[in-house]
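A.B. asks: Pasting the sequence and the predicted model now:
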2 protein chains.
Amino acid sequence: MRKLFLLLTILPLFVLSQSPNINKVKQYTASKQHEILRSYVELLSIPNIASDIKNIQKNADWIANYMRVKQIGNVQLLYPTTPNKPPVVYGEVITPGAKETIVFYAHYDGQPVDSSKWYSGLHPFKPVLFDNAYDKGGKPIEWPATGISFNPMWRIYGRGASDDKGGVMSIIEAYASIAALKLLPSVNIKFFFEGEEEAGSTHLEEVLNRYKSMLNSDMWVICDGPVHQSGKKQVVFGVRGDTHLELTVVGPKRPLHSGHYGNWVPNPAMELSKLLASMKDENGNVTIKGFYDDVVPLTASEKDALSKVPSVDEQMKNELGFRKSERPTSLNISLNVPSLNVNGIQSAGVGEKSANVIPIKAIASIDLRLVVGNDWKRQQDKVIAHIKSQGFYVTENDPTDDERMAYDKICKVVRSDGYNAQKTSLDNGFAKRISKAVAMTSGEDPILMPTLGGSLPLYVFEKILKTQPVTVPIANHDNNQHAENENIRLKNFFEGIEIFASIMMLPK
Amino acid sequence: MRKLFLLLTILPLFVLSQSPNINKVKQYTASKQHEILRSYVELLSIPNIASDIKNIQKNADWIANYMRVKQIGNVQLLYPTTPNKPPVVYGEVITPGAKETIVFYAHYDGQPVDSSKWYSGLHPFKPVLFDNAYDKGGKPIEWPATGISFNPMWRIYGRGASDDKGGVMSIIEAYASIAALKLLPSVNIKFFFEGEEEAGSTHLEEVLNRYKSMLNSDMWVICDGPVHQSGKKQVVFGVRGDTHLELTVVGPKRPLHSGHYGNWVPNPAMELSKLLASMKDENGNVTIKGFYDDVVPLTASEKDALSKVPSVDEQMKNELGFRKSERPTSLNISLNVPSLNVNGIQSAGVGEKSANVIPIKAIASIDLRLVVGNDWKRQQDKVIAHIKSQGFYVTENDPTDDERMAYDKICKVVRSDGYNAQKTSLDNGFAKRISKAVAMTSGEDPILMPTLGGSLPLYVFEKILKTQPVTVPIANHDNNQHAENENIRLKNFFEGIEIFASIMMLPK
């Protein structure tokens, strides 16, 4: 497996495809590499945290302007009814005679950043070109002179490079290539670029409701997430739902000297540890009562598709440096059950910031992924019931003095918003044609994946627009999405352009 | 109890003492409040983290200069043999005819700071005067005009205010008052102000060995730590030992999207939680094998003294806002056993810095307090053996790729230095005279405490100089020592001056 993977990564970027039109797109983007990547880096330089509304607006304006330059029609910013929230960047191309419409979705906002954690010389909003992944010996390199080609194994580091400005740009460049080559799309195309996906898509429903009539289509094609770890392209038919809880175990009102009070005053870091430890057994099973209830079993087609997905377990263990997975099942199977993950813990300081104290509080950020059948609020309820079962008084606020004196253990729990999982049937005919379009870019069938481990609020397309989505990811799997040192490999970016161009010229 | 405490805190600063000489000291320092506190604030403004050698030197120079101004003799900086380490500030006063010598010890370095955690408007090295504790409604106030008295309930906020520049200054001002009043000390006095106590006193032994001949004495009087929570003065006959371990549970080599990999790739935050949780039971007992072995039982005198210490359990629970202590025994008893405390935990981010990741590591800082009989290295060994018993491979370094693939769970453990506990007998005659001197400042017997919960490397005085120490703390118990918002109440600071002046005029 590992050998195969290595083999795939050294394939040249510009192999001949099975489709003459896609081959033209390949040649065209190869000739425009410098322009395309310069524009891309320009976009990556604009900070894109959803809560930073001023910069989010700059991103939206930049993208809208770029779409207009690329001859995309009816470009506009779609705002939710709630003021001061990120707009969706919308645009459309009407194809003469076409009866079918595809909406292409990507998002231009990114995960929160902690610049101090980025690798030396890297910064989330100062994109840099590397000759390989930094943790595989890659070094920063100068931008090549005009006329010199980019190596497809090079990477660009920056927040959003993969998740998901890479999606936004590859979709736009796909249409731009088709238009420049005077090829004809076979469907009407709508562009829909969201600006607060990483903040939970809280206002997506508002936008869909408000602009419902503009957003009619036969299918949504979502560009987000990575290609399969085997390097193969994939079409994904579902996503897990997602929600969060932030738990704060309450300690003494003021930080205390751990010598003068330690082991007598309760230590919130220890209490939080015990609480978290109580949530999973040694086999990675969540021990919270009813946690796996509600799950709708996999269909026969889904089981069949999963059996054909190449195993990447050994490859990923080697790559990530661990021997034993948390669950005994394979990665592919593990992603088809609801999960509970600790995203972060913080209590007082460690390392240079460690001091001899009993901390005043200990915080854990908990991520719950959901499968079809789960309801995000019900899943939160189960966790909260578990916290209570461990002897904690649960409150949504900082405890009052009376509450402090009334309960032995106190946990403040803040619920975030969330959304449920979504799945499109593997037997959906339109989705099958999209898979075919992806296959035509390289002559190889893509992996058909029943669900992505990650989450997107795709249920809303079903709910509001009565249209189903499929996801066609393009990023390299080792893109550090959601963390420091996010990057995209150029091969993946350019193949993404080909994939979306092929879908825009959808076969019958 | 709570009523009594309130009563004590509103006692005026300048009640008449039982000793006419101490009464003179009270009146003298009252008349010099402005000068004394201005100098004190000047000292507090110099950053004093032991590793910040440039500023540590500034502190030492300032103190040495101030001692010279106050007519203390033979002032010099005693450096350890290891270069670039904080010096001890030394000075002496030879009393004509005196046959006995007391060394007064305090330290001028402070605990590490995280300025961002300090209360709004406060900064560790920009001392501010408050009219009460900030968490009791206190507000910053202007420095009073010359001729206007300071209220004894006011506080000065700043790193080291209580721990332990307050000790340094009250000792110097005690001698300065005696000298200004032309009163005679009854003993020879030596001053010994350490500069890396909060960094583990790593070079104290070197200094004591190097300057052994200068440091002859009959007793060391240590000024560090707080007075009893009841507000009563205390003389403390021992300290717990202290050492630390930093545990890093190793996760995947790079941060991973918690949707795409969560619940399959092992989560180091969860593994660390389980590990910590395994170290204590629900009654606060450390479950590590042999943890309470080695403990030398309390003597009859110690048990008797402990039975006379006023209980502050209910007062402290009310003050700190919790109902149930970690151990079922009283605070006083709990401090006489070895302890294990989590000083801090960190794994990825929470709150605004939370992201949907599986963290690459999870770190806990562990504090071990020791009683007489414990050996600090042996105590570390017990914890490390426990970590192994929980299925972890333990290494002192970041794991190699081979190690990652050879073990299911990996914990990097970094041992800090440490030192053992020390106790002076409650029946020591010299110590009894010191207790008497403390009693003479207010006419009330101080609490005799067999051990402080906190730690100082007092064993070295026994080991190298064959001299025993007693500790006479002066700081208010709610001084936030070792944490953000450290402060000293002026009443405590000025009473400290009286206490040390009384000891310098030690009764027979």
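C.D. replies: Structure's in. What do you need? Numbering: from 1, shown residues only, chains lettered A, B, ... in the order given.

A.B. asks: touching chain B at all, the strand or helix carrying residue A:402?
C.D. replies: In this structure, residue A:402 sits in helix A:401-406 according to DSSP states H and E. Yes - Helix A:401-406 comes into contact with chain B (C-beta under 8 Å from any C-beta of the partner chain), by way of A:401, A:404, A:405, A:406. C-betas here are computed from N, CA, C, even on glycine.

A.B. asks: That helix: what's the following helix or strand?
C.D. replies: Per DSSP H and E, helix A:401-406 leads on to strand A:409-419 as the next helix or strand towards the C-terminus.

A.B. asks: Which strands or helices does that next one pack on?
C.D. replies: strand A:238-250, helix A:376-389, strand A:392-395 (3 or more C-beta pairs under 8 Å, 6 or more residues apart in numbering or on different chains; DSSP states H and E).

A.B. asks: Can I get the first one in PDB, CA atoms only?
C.D. replies: So the one you mean is strand A:238-250. What follows is strand A:238-250, C-alpha atoms only, in PDB (Å, rounded to 0.1, in the frame of the first residue of the first chain):
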ATOM      1  CA  GLY A 238     -22.700  12.100   2.800                       C
ATOM      2  CA  VAL A 239     -21.200  13.900   5.700                       C
ATOM      3  CA  ARG A 240     -21.400  13.500   9.500                       C
ATOM      4  CA  GLY A 241     -23.200  16.000  11.500                       C
ATOM      5  CA  ASP A 242     -21.300  18.000  14.100                       C
ATOM      6  CA  THR A 243     -21.800  19.900  17.300                       C
ATOM      7  CA  HIS A 244     -19.700  21.000  20.300                       C
ATOM      8  CA  LEU A 245     -19.800  21.400  24.000                       C
ATOM      9  CA  GLU A 246     -17.400  23.400  26.100                       C
ATOM     10  CA  LEU A 247     -17.000  22.000  29.600                       C
ATOM     11  CA  THR A 248     -15.600  24.100  32.400                       C
ATOM     12  CA  VAL A 249     -15.000  22.300  35.700                       C
ATOM     13  CA  VAL A 250     -15.100  24.900  38.400                       C
END
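
A.B. asks: Name the next helix or strand following it along the chain.
C.D. replies: With secondary structure assigned by DSSP H and E, strand A:238-250 is succeeded by strand A:256-257.

A.B. asks: any idea how far the helix or strand that that following strand is followed by is from the chain center?
C.D. replies: Using DSSP H and E, the helix or strand that follows strand A:256-257 towards the C-terminus is helix A:258-261. Helix A:258-261 sits 44 Å away from the centroid of its parent chain (C-alpha atoms, centre = their mean, to the nearest Å).

A.B. asks: and the following helix or strand past helix A:258-261 with helix B:268-277, angle?
C.D. replies: Downstream of helix A:258-261, the next assigned helix or strand under DSSP H and E is helix A:268-277. Per axes from the mean of the first three to the mean of the last three C-alpha atoms, to 10 degrees, the angle that helix A:268-277 makes with helix B:268-277 is 110 degrees.

A.B. asks: what comes into contact with helix A:268-277?
C.D. replies: Contact partners of helix A:268-277, identified using C-beta atoms under 8 Å, 6 or more residues apart in numbering or on different chains, comprise A:247, A:249-251, A:342, A:345, A:347-348, A:358-364, A:387, A:390, A:392, A:409, A:411, B:269-270, B:272-274, B:276-280, B:326, B:341-345, B:364.

A.B. asks: For chain B, what's its nearest residue on the stretch 51-200 of chain A.
C.D. replies: Closest approach between the stretch 51-200 of chain A and chain B, counting by C-beta to the nearest C-beta: residue A:111, at 5.0 Å.

A.B. asks: What is the burial count for that residue?
C.D. replies: By the criterion of other C-beta atoms under 10 Å in any protein chain shown, residue A:111 has 24 neighbours.

A.B. asks: and if you look at residue A:213?
C.D. replies: Residues near residue A:213, counting by other C-beta under 10 Å: 6.

A.B. asks: That one should be in a helix, yeah?
C.D. replies: Yes - judged by DSSP: H, G, I helix; E, B strand; the rest coil, residue A:213 forms part of a helix.

A.B. asks: count of neighbours near residue A:56?
C.D. replies: Residues near residue A:56, counting by other C-beta under 10 Å, number 24.

A.B. asks: correct me, but it touches residue A:193?
C.D. replies: No - in this structure, residue A:56 is not within contact of residue A:193 by C-beta atoms under 8 Å, at 11.6 Å.

A.B. asks: before we move on, the earlier item: measure the residue of the stretch 51-200 of chain A closest to chain B to residue B:401 for me?
C.D. replies: Distance of residue A:111 to residue B:401, given as C-beta to C-beta, to the nearest Å: 28 Å.

A.B. asks: what secondary structure does the residue nearest to residue A:426 when sequence neighbours are not counted sit in?
C.D. replies: In this structure, residue A:426 finds its nearest non-sequential neighbour in residue A:301, 4.2 Å apart by C-beta to C-beta, 6 or more residues apart in numbering or on different chains. Assigned with three-state DSSP, residue A:301 falls in the helix class.

A.B. asks: Show me which positions of stretch A:89-100 end up buried.
C.D. replies: If you call a residue buried by 16 or more other C-beta atoms under 10 Å in any protein chain shown, then stretch A:89-100 has these buried ones: A:89, A:90, A:91, A:92, A:93, A:95, A:98.

A.B. asks: about what we covered before: any idea which of the helices and strands packed on strand A:409-419 gets closest to residue B:218?
C.D. replies: strand A:238-250 (48.2 Å; C-beta to C-beta).

A.B. asks: just checking, what packs against that closest one?
C.D. replies: Counting contacts by 3+ C-beta pairs under 8 Å, 6+ apart, strand A:238-250 is packed against helix A:268-277, strand A:361-370, helix A:376-389, strand A:409-419, strand A:422-423, strand A:452-455.

A.B. asks: all strands in the stretch 51-200 of chain A, in order from the N-terminus.
C.D. replies: A:73-78, A:88-93, A:101-107, A:128-130, A:155-157, A:188-194 (DSSP state E, counting those that start in this stretch).

A.B. asks: so the first one versus strand A:88-93, what angle?
C.D. replies: Put plainly, it is strand A:73-78. Going by the same axes, to 10 degrees, strand A:73-78 makes 160 degrees with strand A:88-93.

A.B. asks: what is the orientation angle of strand A:73-78 with strand A:188-194?
C.D. replies: Between strand A:73-78 and strand A:188-194, the angle comes out at 30 degrees (the same axes, to 10 degrees).

A.B. asks: Note down every partner strand of strand A:73-78 and its orientation.
C.D. replies: Note on strand A:73-78: by DSSP bridges, its sheet partners are strand A:88-93 (antiparallel).

A.B. asks: While we're on residue A:255, how confident is the model there?
C.D. replies: In this model, residue A:255 is scored at 87, pLDDT.

A.B. asks: which secondary element of chain A has the worst mean pLDDT?
C.D. replies: Comparing helices and strands within chain A by mean pLDDT, DSSP states H and E singles out helix A:2-9 as the least confident, with a mean of 38.

A.B. asks: any idea which helix or strand comes after it?
C.D. replies: Per DSSP H and E, helix A:2-9 leads on to helix A:20-31 as the next helix or strand towards the C-terminus.

A.B. asks: who's in contact with that following helix?
C.D. replies: Contact with helix A:20-31 is made by A:13-14, A:16-17, A:36, A:149, A:173-174, A:177-178, A:180-181, A:183, A:440-441, A:494, A:497-498, A:501-502, A:505, as judged by C-beta under 8 Å, 6+ apart.

A.B. asks: if we can go back for a sec, residue contacts, the residue nearest to residue A:426?
C.D. replies: A:425, A:426, A:427.

A.B. asks: Could you do residue A:171 as well?
C.D. replies: A:104, A:106, A:191, A:223, A:500.

A.B. asks: how close does residue A:383 get to residue A:417?
C.D. replies: Applying C-beta to C-beta, the value for residue A:383 to residue A:417 is 15 Å.

A.B. asks: what's the answer for residue A:256, then?
C.D. replies: Counting by C-beta to C-beta - residue A:256 and residue A:417 are separated by 36 Å.

A.B. asks: ok, those two, which is more surrounded?
C.D. replies: The neighbour comparison of residue A:256 against residue A:417 (other C-beta under 10 Å) goes to residue A:256, with 28 against 14.
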